[in-house]
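J.: Here is my input, please return the structure:
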Amino acid sequence: MSHKPAGLLYGVDDKPPLGVNVLSGLQHVGLMFIYLVYPVLVAHAAGATPEVASSMVSFTLLAMAVGTVLQVMRFRRIGSGFLCQPAPSVVYVVPSMLAAQHGGLSAVFGMTIVAGLVEMILARGLPHLRKLFTPEITGLVVLLSGISVGVVGLRTAVGTTVDAGGVPAGIDMTLGLATLGLMVALNVWGRGVLRLYCVLIGLTAGCLAAWALGRFDSVEVAHVSAAPLLALPGLSHPGWSFHSSLLLAFVVGAVAAVLKTIGNVTTSQKANQANWVRADMRTVGGGVMADGLGNVVAGALGAHGMNSSTGAVGLASATGVTSWRVGYSIAAILLVAAFVPKLGLLVNLMPRAVLGAALVFSSTFIVLNGLVIMTSRLLDARKTLVIGLSIVMGLAVEIYPGFLVVLPPGLRASLGNAMVFGTLVGLGLNLLFRIGLRKTVSMTVQPGGLDPEALEDFLEMQGGVWGARRDVIVRAKFNLVQSIETLASSGVANGPLVIEASFDEFNLDLRVSYDGDALELPQVRPTIEEIIDSGDGERRLAGFLLRQFADRVSSRRVGPRATVAFHFDH
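T.: Numbers count the residues shown, from 1 in each chain. Next up is the predicted model:
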């Protein structure tokens, strides 16, 4: 890409040295390994054996390798071409645990395929869904997913085993809270490697403490020791099953995955282009398509649901190495790791209290990311109500499970967590509150009393009221002033010109109507000879320039009234 930002060592299309490529790949894989706790938790929820859990980890690694290649390549409508590769995702933890509890691992894998297909369908319709996927809805979904994961983590960390009185075992609770405390301490007061790998260090320390306290199962330890160093992933696949009662949870998870991928691809675009203005939706669509196809592969293989990793995007930006070629090193390393069965058994061996602590820790950053996204634009009364009511309703089903008692039993399982119910409330309110959202203002200009500064001030003031982007208002001001001057000076317009400007969150439309002929807007620039020799050459040149500054233009005449319209994507 052109205009590479300062501090970026190897941009997306650069070719880093082999050593840099491989070492960068190793660092990415090290970060991605942390998320292998998710498939293990899902396997535990299904009551799977250690061998099955290990096999699920291996197939997840294999699916991650395939998903990474799909994401970094650019083949027609598949792939973004950026280092925003997938990892086991929090957005699929809650749906997958629901599926594991109600239908076993076969339901997890079957519904993961369904979620991937939903992502692929949404990828094709992204241009038409912008009004639905607003920044506040994107942030809301991220925040609610963080809350849901945090709740799961707390229940896992302090409620895995209970004593005779139904109280969480003191040793496990202490172990979970101590592991969480260490992760927090390293992240707040640690420096360099200690802070970068605080989760990995916390998991290791928690496991060592559990070993010292005798919390490891000797039979599972023997399984790890006896496992070969290299072997094919286990082939005891439970198959696939599909449950309509789980559909809603996985659809909401897919929507959350789409929103997260949109954010990651957009962030990657900004990191690689200094003069970035707006998201390239074709690249974003390719990224979402690759993410969905990766989940279809994951479900088919027998892996946990995946999603583009925000951590991977952050690591690439932090190191200054964003070349898509690193993705192939990442995929190769993941592929090798998939054939190391000891790795899956080691992850499965971790005490659930320690795994729960990692979930609680990661959930705090997810919640904060959601808050940042939601507040990236000014919040009016409508947006405040959408966010506030959705959060309250989402928390209500976690605190008061009886809140949904009026619903059929099949729906309760899907709606009974903050992410699913809160997201549905938010989407519904967002659609409802769009009624009356579009704002329109107008003014009239006399051809003999043209004042360019007054026209610019008109749009400048309205842009501030609307909260429109500065670059859009600048282009709109040029088109408004130039079109009025051209119509007035050339004598095309007879009498007053009426200007209408309308705006919603994604569109700015200008319309200039008058009595007279339609303004010609050539697609090809007039030649010098045509401009000099032709009587309407200057007017045609002005029409050509107006076309260049707007995203869409049109000019037509109906009866005595003509209209020239300019559309600007926001």
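
J.: What count of nearby residues applies to residue 464?
T.: Around residue 464 sit 11 other residues, with neighbours defined as other CB atoms under 10 Å. Glycine gets a C-beta too; all of them are placed from N, C-alpha and C.

J.: And for residue 130?
T.: Residue 130 has 15 nearby residues by other CB under 10 Å.

J.: What residues are bridge-paired with the residue nearest to residue 492 when sequence neighbours are not counted?
T.: Here the nearest residue to residue 492 in space, its sequence neighbours aside, is residue 516; by CB to CB, 6 or more residues apart in numbering that works out to 4.9 Å. Judged by DSSP bridges, the bridge partners of residue 516 are residue 493.

J.: Give me the distance between residue 516 and residue 557.
T.: 8 Å (CB to CB, to the nearest Å).

J.: Comparing these two, which residue is more hemmed in?
T.: Set side by side, residue 516 and residue 557 show more neighbours around residue 516, with 18 against 15, by other CB under 10 Å.

J.: show me the contacts for the more buried one.
T.: By CB atoms under 8 Å, 6 or more residues apart in numbering, the contact list for residue 516 reads 487, 492, 493, 494, 562.

J.: List buried residues within those residues.
T.: When those are checked for burial by 16 or more other CB atoms under 10 Å, the buried set is 487, 492, 493, 562.

J.: Show me the two of the residues you listed that sit farthest apart.
T.: Farthest apart among the buried ones among the contacts of residue 516 by CB to CB are 487 and 562. That separation is 8.9 Å.

J.: what helices or strands is the longest helix along the chain leaning on?
T.: Scanning the chain for the longest helix, with DSSP state H as the assignment, gives helix 93-124. Where contact means 3 or more CB pairs under 8 Å, 6 or more residues apart in numbering; DSSP states H and E, helix 93-124 is packed against helix 37-45, helix 135-158, helix 244-272, helix 281-301, helix 409-415, helix 418-432.

J.: list the buried ones in the last one?
T.: Yep, that's helix 418-432 we're talking about. Neighbour counts over helix 418-432 (16+ other CB under 10 Å) mark 418, 419, 420, 421, 422, 423, 424, 425, 426, 427, 429, 430 as buried.

J.: Redo those as TSV? Include pLDDT and distance to residue 329.
T.: Converted to TSV, the buried residues of helix 418-432 look like this (pLDDT from 0 to 100; distance: CB to CB, whole Å):
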residue	pLDDT	distance to residue 329
418	79	38
419	75	34
420	77	37
421	84	41
422	86	39
423	84	36
424	85	40
425	90	43
426	89	39
427	86	39
429	90	45
430	85	41
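
J.: Got phi/psi on residue 238?
T.: Residue 238 adopts backbone torsions of phi -80, psi -10, taken as degrees, to the nearest 10.

J.: one step back: now find how far off-centre the longest helix of the chain is within its chain.
T.: On the basis of CA atoms, centre = their mean, to the nearest Å, helix 93-124 sits 18 Å off its chain's mean C-alpha point.

J.: How about stretch 239-252?
T.: The answer for stretch 239-252 is 21 Å, by CA atoms, centre = their mean.

J.: Also stretch 415-427?
T.: In this view, stretch 415-427 has its centroid 17 Å away from the chain centroid, taken as CA atoms, centre = their mean.

J.: can you put the buried ones among the contacts of residue 516 in TSV and add distance to residue 375?
T.: Shown next, in TSV, are these (distance: CB to CB, whole Å):
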residue	distance to residue 375
487	42
492	46
493	44
562	44
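
J.: Give me the nearest residue to residue 148, chain neighbours excluded.
T.: Excluding its sequence neighbours, the residue lying closest to residue 148 (CB to CB, 6+ apart) is residue 419, at 4.1 Å.

J.: And residue 99, by the same measure?
T.: Excluding the flanking residues, the one nearest residue 99 by CB to CB, 6+ apart is residue 107, at 4.1 Å.

J.: Just the local confidence number for that neighbour, please.
T.: What the model reports as pLDDT for residue 107 is 95.

J.: do the same with residue 161
T.: Taking residue 161 on its own, its pLDDT is 48.

J.: Ok, residue 386 next?
T.: Value for residue 386, per-residue pLDDT: 90.

J.: you'd agree it is up against residue 429?
T.: Yes - using CB atoms under 8 Å, residue 386 is in contact with residue 429, at 4.6 Å.

J.: Now the nearest residue to residue 418 once chain neighbours are set aside: which helix or strand?
T.: Excluding its sequence neighbours, the residue lying closest to residue 418 (CB to CB, 6+ apart) is residue 394, at 3.6 Å. Assigned by DSSP states H and E, residue 394 belongs to helix 381-399.

J.: Check which helices and strands that helix sits against.
T.: The elements that helix 381-399 packs onto, with contact taken as 3+ CB pairs under 8 Å, 6+ apart, are helix 135-158, helix 418-432.

J.: quick one: which of those is nearest residue 309?
T.: helix 135-158 (13.6 Å).

J.: pLDDT averaged over the closest one - what is it?
T.: pLDDT averaged over helix 135-158 gives 77.

J.: Correct me if wrong: residue 12 contacts residue 81.
T.: Yes - in terms of CB under 8 Å, residue 12 counts as a neighbour of residue 81; the distance is 6.4 Å.

J.: what touches both of these two?
T.: Jointly contacting residue 12 and residue 81 under the rule CB under 8 Å, 6+ apart are residue 324.

J.: Now do the end-to-end distance for stretch 528-540.
T.: Stretch 528-540 has an end-to-end distance of 12 Å (CA to CA, to the nearest Å).

J.: scratch that, stretch 508-522
T.: 22 Å.

J.: Now do the contacts for the residue minimising distance to the centre of the chain.
T.: Residue closest to the average C-alpha location in the chain (CA atoms, centre = their mean): residue 260, at 1.2 Å. Counting by CB under 8 Å, 6+ apart, residue 260 touches 89, 91, 142, 307, 308, 310.

J.: Surely the first one touches residue 38?
T.: So the one you mean is residue 89. Yes - applying CB under 8 Å, one finds residue 89 in contact with residue 38, separated by 7.4 Å.

J.: mind listing what residue 493 touches?
T.: By CB under 8 Å, 6+ apart, the neighbours of residue 493 are 447, 487, 514, 515, 516, 562.

J.: Could you report the separation of the closest residue to the first one other than its chain neighbours from residue 555?
T.: Closest residue to residue 447 apart from its sequence neighbours, by CB to CB, 6+ apart: residue 488 at 4.2 Å. Residue 488 sits 16 Å away from residue 555, going by CB to CB.

J.: Adding distance to residue 239, write the buried residues of helix 418-432 out as a markdown table.
T.: As requested, the buried residues of helix 418-432 are exported to a markdown table (distance: CB to CB, whole Å):
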| residue | distance to residue 239 |
| --- | --- |
| 418 | 31 |
| 419 | 27 |
| 420 | 25 |
| 421 | 30 |
| 422 | 33 |
| 423 | 30 |
| 424 | 30 |
| 425 | 35 |
| 426 | 35 |
| 427 | 33 |
| 429 | 39 |
| 430 | 38 |
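
J.: so which of these would you say is closest to residue 451?
T.: When the buried residues of helix 418-432 are compared for distance to residue 451 (CB to CB), residue 430 wins out at 39.9 Å.

J.: how close does residue 111 get to residue 91?
T.: Relative to residue 91, residue 111 is positioned 13 Å away (CB to CB).

J.: residue boundaries of the helices in the stretch 451-570 of the chain?
T.: Counting by DSSP state H, counting those that start in this stretch, the stretch 451-570 of the chain has helices at residues 452-466, 470-489, 528-533, 537-549.

J.: Many thanks, I have nothing further to ask.
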